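[1] I need the structure of the sequence given here:
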Amino acid sequence: MNIFWGNIWKFPKFLISVFIGFFLTAAYPFFQLSKNTKIFYFTLLVLILLTGFLVIILKEMLGYT
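    The predicted model follows:
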């Protein structure tokens with residue numbers, strides 16, 4: 001029974017490390033873009049614009065004004 005509770009105690013740590021690894025792996029290309037400042041600023045601008053458009057569209061769809 002002691003082994004069971006030990007495994008249960010380790011699971012949240014494992015889950016957190018999996019999420020951190022996933023996000024770092026997904027963000028790696030953006031870290032590579034940051035080496036070239038022109039491309040980085042262009043990508044950042046595009047991401048900000050897309051996020052803004054998404055917020056505007058969701059506000060209109062949901063009726064928030």
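
[2] show me what whichever helix or strand Pro29 is part of is packed up against.
    Applying DSSP states H and E as the criterion places Pro29 in helix 2-33. If contacts are counted by 3 or more Cβ pairs under 8 Å, 6 or more residues apart in numbering; DSSP states H and E, helix 2-33 sits against helix 37-62. Heads up, the C-betas are built off the backbone N, CA and C, glycines and all.

[3] any idea how far the most centrally placed residue in the chain is from Phe30?
    In the chain, the centroid-proximal residue (Cα atoms, centre = their mean) is Phe23; its distance is 5.6 Å. Here the criterion is Cβ to Cβ, to the nearest Å. By it, Phe23 lies 11 Å from Phe30.

[4] do Pro12 as well
    From Pro12 to Phe30 the distance is 28 Å (Cβ to Cβ).

[5] the more surrounded of those two?
    More crowded of Pro12 and Phe30, by other Cβ atoms under 10 Å: Phe30, with 12 against 9.

[6] how about the more buried one, nearest residue that isn't a chain neighbour?
    Nearest residue to Phe30, sequence neighbours excluded (Cβ to Cβ, 6 or more residues apart in numbering): Thr43, at 7.2 Å.

[7] can you count the residues close to Thr43?
    Residues near Thr43, counting by other Cβ under 10 Å, number 15.

[8] and it, what pLDDT?
    For Thr43, the model assigns a pLDDT of 85.

[9] so it sits against Phe31, correct?
    No. Here Thr43 does not reach Phe31: they are 11.5 Å apart, not a contact under Cβ atoms under 8 Å.

[10] so what sits against both of the two?
    Shared contacts of Thr43 and Phe31, defined by Cβ atoms under 8 Å, 6 or more residues apart in numbering, are absent.

[11] pull the CA atoms of stretch 18-35 into CSV?
    The C-alpha atoms that make up stretch 18-35 are tabulated as CSV, following Å, rounded to 0.1, in the frame of the first residue of the first chain:
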residue,chain,number,x,y,z
VAL,A,18,4.8,17.0,-19.1
PHE,A,19,2.9,20.3,-19.5
ILE,A,20,6.1,22.3,-19.1
GLY,A,21,7.9,20.1,-21.6
PHE,A,22,5.0,20.4,-24.1
PHE,A,23,4.9,24.2,-23.9
LEU,A,24,8.7,24.6,-24.2
THR,A,25,8.7,22.3,-27.2
ALA,A,26,5.9,24.2,-28.8
ALA,A,27,7.5,27.6,-28.1
TYR,A,28,11.0,26.5,-29.4
PRO,A,29,10.5,27.9,-32.9
PHE,A,30,9.5,31.3,-31.5
PHE,A,31,12.7,31.3,-29.4
GLN,A,32,14.7,30.7,-32.6
LEU,A,33,12.8,33.6,-34.3
SER,A,34,14.0,35.9,-31.5
LYS,A,35,17.6,35.7,-32.8
